[in-house]
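Sequence unavailable; structure follows:
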């Protein structure tokens, strides 16, 4: 089990966290979409080629899920994470295509200690996901709940 | 390939679409989370039992993805779907636990023909997901792009 390094007190508005990158294959895009989003432009290369997208693209939920994995690996696995109440906005700005490498970063927008639950605070953040061409493919604003540092 | 029955013109503000339901197992919850959201309360039953959640819960992204599958099966597979520009809000209101059966419905909030692209329109909708106890576990507001009925 990873050591907890990040508590609510560790998070500062304006901080930027680079989450690293991941490359997604056609097989992974199709596998995800067959399970969760089996629209032709996600699972059928021929139909996708004829669609407005001109070829297979990843489900937006796949992009969200890949980004979540980067967030867990680089940050939440070492944070006192208590889940999330929700997301304020997701923008799917450009397609993610087979072979694309997407990179994510978080910008901390606001931190707010909970009034009702003194053991935690809310962190509002913006997540930006770019492809290997430096183009923004997805942006998101969401809130995470993080435990406060225990008193010694 | 499914026949397209739903075009932009078929969608009316106020319309309610029942999307049916799906039961999620512990194995599916853990499998999804090992890939995309490997936080202890999603993948480790013992750690989850000690957490604020009292047991394994599904990743919020898994709930989104399961809901998307219901939406595709019941509606988008027969609609002139052109993808989505994004989501305005997601609220993860209650945990989804192993064995839970979640049901989804869509309420159409607003339809707007595109000014710049005469072949499509935007449909803003609210999605509500409830569990087998009738409790709301997730709500979402999102926009889908739908093709217009071709002229005969």
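Sure thing, it's come through. Everything numeric here is computed off the predicted structure, so don't read it as measured data. Residues are numbered from 1 along each chain as shown, chains lettered A, B, ... in the order given.

what's the neighbour count on residue A:12?
9 (other C-beta atoms under 10 Å in any protein chain shown). Backbone N, C-alpha and C define where each C-beta goes, glycine included.

before we move on, what about residue A:55?
Neighbour tally, residue A:55, other C-beta under 10 Å: 15.

again with the one 4 residues further on
The number of residues packed near residue A:59 is 27, by other C-beta under 10 Å.

Quick check: phi and psi on it?
Backbone geometry at residue A:59, expressed as degrees, to the nearest 10, gives phi -60, psi 140.

Surely it touches residue A:34?
No - counting by C-beta atoms under 8 Å, residue A:59 stays clear of residue A:34, with 10.1 Å between them.

and chain A, which residues reach chain B?
By C-beta under 8 Å from any C-beta of the partner chain, the residues of chain A that approach chain B are A:1, A:32, A:35-41, A:47, A:52-53, A:57, A:59-61, A:64-66, A:68-69, A:72, A:76-77, A:81-92.

Just the buried residues of those residues.
Neighbour-count burial (16 or more other C-beta atoms under 10 Å in any protein chain shown) is assigned, among the residues of chain A next to chain B, to A:32, A:35-41, A:53, A:57, A:59-61, A:64-66, A:68-69, A:72, A:76-77, A:81-84, A:87-88, A:90-92.

quick one: which of those sit in strands?
A:87-88, A:90-92 (DSSP state E).

Farthest pair within the residues you listed?
The span of these, defined through C-beta to C-beta, is set by A:88 and A:92 at 15.0 Å.

quick one, longest helix in chain A?
helix A:60-74 (DSSP state H).

residue contacts, the residue lying farthest from the centre of chain A?
Within chain A, the residue lying farthest from the chain centre (C-alpha atoms, centre = their mean) is residue A:152, at 33.1 Å. Contact partners of residue A:152, counting by C-beta atoms under 8 Å, 6 or more residues apart in numbering or on different chains, are absent.

Likewise for residue A:128?
Contact analysis of residue A:128 by C-beta under 8 Å, 6+ apart lists A:104-105, A:107, A:136, A:138-139.

who's it bridged to?
Beta bridges link residue A:128 to residue A:105, residue A:139, judged by DSSP bridges.
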